[in-house]
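**Student:** Predicted model and sequence follow; I will ask about them next.
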Amino acid sequence: MTAITTTTSTVTTTATTTTTTTVPPGAGPPPLGAPPRRPLTSALPAVVCQNGGTYDSIKCLCLPDFYGPLCEFSSDSVTIDSPVEGTIVANVELVVTVTNFNYTEELQDPLSQAYEDFVRHFRQEMAKIYGSVPGYEGVKILRIGPATSSRQGARVRRASVSLPAGTGLEVEHEVIFRTIASPNLTEEFQEKTEKLVQKLQETAESQGDCKHDLSVVCLVVSSSPVVKNMTESPSLDALCQQRAPIGYQDYYYALNMSNAIRCVTKCTANTPITLDCYHGQCHVTRAGPQCFCWDESLYWYTGTQCSGRISKVATGLGLVATVLLISCIVFVVLLVKRRKEWRRNASSSIGDSWYENDGGIWTSPDGFLFTNNGASAGGSLRSFTPSLDLVNTDMPMHIARPSLRPPP
């Protein structure tokens, strides 16, 4: 019998909405010699919704755990129907080799799309394998690396070794269980670990040739895949990280609320870890809880928590008023200075060289008219010499004696 191997490839296309507007009727043909009219075309790229959301040509329709214009925000809390008292979380670390996915450097970046897609697929497929073990909650990937040729049950750490891409994957993961505290926890942990290993080996043996089947995780399991034995977790946070959406797990914490486990984030209101966004709202993003300030078109905000805001309108009006006030002050100062200089220059030119004025006529501030005949007759203004030829020096001058008069 010849085995037929098929390789499934997925082609992703991006839809584009095109709107075409033609020349309206009655506009007439183009002028003679002019190039023909072409339809006006505007291409609008389709909205890309995040986290599994779909676009209905109006808005993004988000999955239950997400919201926002592009489904970019995760819900701020998750409720678990389990009492706090008596509930414990246990985890065991195992390692498997996945042969139908090739190793790439993108799988080292938890924020990359390739990493998130693989984690989502791995969790779904491992739930089918581990899900029948009582108390199973989920898996958490601890490390993804290129596969090795032989492990012999030993744990291999790669710190600086660089192996080529395309060699399959070695996935070290943590299996998380929820159980009730009891005196026989050690025996229960051992029993659950043995069941996990049994499930892995049975799945690997039953898969056959699945190296080209991307709908499953094609496993190769060593004789001893356990890296770390099952132990009790010090907190219930692992439960919340399993219930949280992929890519947001690290931002959820377990909180005891009315003797029930509630998974909260820093965006959950009225908790000890609530992030206070003074003039904004907290949203859980892929980068963590962040404050989004209100009315950013009207205000400037200080700090990452929108703690202080400054009105852009008030600042603009104040700036305009300040500029006008400074301009008026400068104008008045320049005007006063110019007026003083004008008076000083006018007084100097009138008092010291009045006789140099053209025409030889000068009017004093008291209203008296002085005439320089020498200048009028064509004499030199720079060599002024008074003429006494017409003065009768023999004529006696009588000056009345001054007398005191009583005031009226």
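**Tutor:** That came in fine, so what should we check first?
**Student:** Excluding residues flanking it in the chain, which one is nearest Gln305?
**Tutor:** Cys291 (5.0 Å; Cβ to Cβ, 6 or more residues apart in numbering). Yep, even glycine has a C-beta here, placed from its N, CA and C like the rest.
**Student:** Surely that neighbour is within a strand?
**Tutor:** Yes. Assessed with DSSP: H, G, I helix; E, B strand; the rest coil, Cys291 lies in a strand.
**Student:** Could I get the contacting residues of it?
**Tutor:** 275, 277, 280-282, 304-306 (Cβ atoms under 8 Å, 6 or more residues apart in numbering).
**Student:** Outline the domain layout of this protein.
**Tutor:** 45-74, 75-266 (automatic domain parsing).
**Student:** Minimum distance to Arg338: which of the ones you listed has it?
**Tutor:** domain 45-74 (61.0 Å; Cβ to Cβ).
**Student:** Give me the buried positions along the closest one.
**Tutor:** Buried residues in domain 45-74, defined by neighbour count with 16 or more other Cβ atoms under 10 Å: 47, 49-51, 53, 60, 62, 65-68, 70-74.
**Student:** now swap in stretch 286-298 and tell me
**Tutor:** Quick answer for stretch 286-298 (16+ other Cβ under 10 Å): 286, 289-291, 293.
**Student:** so where is the protein shaky, pLDDT-wise?
**Tutor:** Per-residue confidence for the chain (pLDDT under 70) gives these ranges: 1-45, 149-166, 346-391, 408.
**Student:** mind checking the longest helix of it?
**Tutor:** In the chain, with assignment by DSSP state H, the single longest helix is helix 312-352.
**Student:** That one: how far from the chain's middle?
**Tutor:** 46 Å (Cα atoms, centre = their mean, to the nearest Å).
**Student:** would you list every one of the helices in the protein?
**Tutor:** 113-130, 185-207, 237-243, 312-352, 373-376.
**Student:** From Arg309, how far out is the closest residue to Tyr301 other than its chain neighbours?
**Tutor:** Once flanking residues are discounted, Tyr301 sits nearest to Cys293: 4.6 Å by Cβ to Cβ, 6+ apart. For Cys293, the distance to Arg309 equals 7 Å [Cβ to Cβ, to the nearest Å].
**Student:** can you list residues touching both of the two?
**Tutor:** Shared contacts of Cys293 and Arg309, counting by Cβ under 8 Å, 6+ apart, come down to 279, 299, 301.
**Student:** Which among these count as buried?
**Tutor:** 299, 301.
**Student:** which one of the shared contacts of Cys293 and Arg309 sits closest to Phe101?
**Tutor:** Ranked by distance to Phe101 (Cβ to Cβ), these are led by Tyr301 at 44.6 Å.
**Student:** ok, now which ones touch that closest one?
**Tutor:** 279-280, 293, 307-310.
**Student:** Most widely separated two among those?
**Tutor:** Using Cβ to Cβ, the contacts of Tyr301 span at most 14.5 Å, a distance reached by Gly280 and Ile310.
**Student:** Among these two, which residue is more densely surrounded?
**Tutor:** Taking other Cβ atoms under 10 Å, Gly280 and Ile310 do not tie; Gly280 has more neighbours (20 against 10).
**Student:** Distance of that one relative to Thr193?
**Tutor:** Taking Cβ to Cβ, one finds Gly280 at 47 Å from Thr193.
**Student:** CSV please, covering the buried residues of stretch 286-298 and showing distance to Met397.
**Tutor:** CSV is the format used below for those (distance: Cβ to Cβ, whole Å):
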residue, distance to Met397
Arg286, 112
Pro289, 108
Gln290, 104
Cys291, 101
Cys293, 96
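**Student:** And these, which is closest to Met395?
**Tutor:** Once Cβ to Cβ is applied, the member of the buried residues of stretch 286-298 that ends up nearest Met395 is Cys293, at 100.0 Å.
**Student:** Confirm for me that the closest one is in contact with Thr304.
**Tutor:** No. Cys293 is beyond contact range of Thr304, at 9.6 Å (criterion: Cβ atoms under 8 Å).
**Student:** Tell me what the residue nearest to Gln305 is bridged to.
**Tutor:** Cys282 (DSSP bridges).
**Student:** now the one 10 residues further on
**Tutor:** Beta-bridge pairing of Tyr301, defined through DSSP bridges, involves Arg309.
**Student:** How much space separates it from Cys291?
**Tutor:** From Tyr301 over to Cys291 the distance is 9 Å, taken as Cβ to Cβ.
**Student:** Please work out how many residues are found near the closest residue to Leu107 other than its chain neighbours.
**Tutor:** Distance criterion Cβ to Cβ, 6+ apart; nearest residue to Leu107, sequence neighbours excluded, is Ile144 at 4.7 Å. Neighbours of Ile144 under the rule other Cβ under 10 Å: 21.
**Student:** mind listing what Ile144 touches?
**Tutor:** Applying Cβ under 8 Å, 6+ apart to Ile144 gives the contacts 103, 107-108, 115, 118, 169-172.
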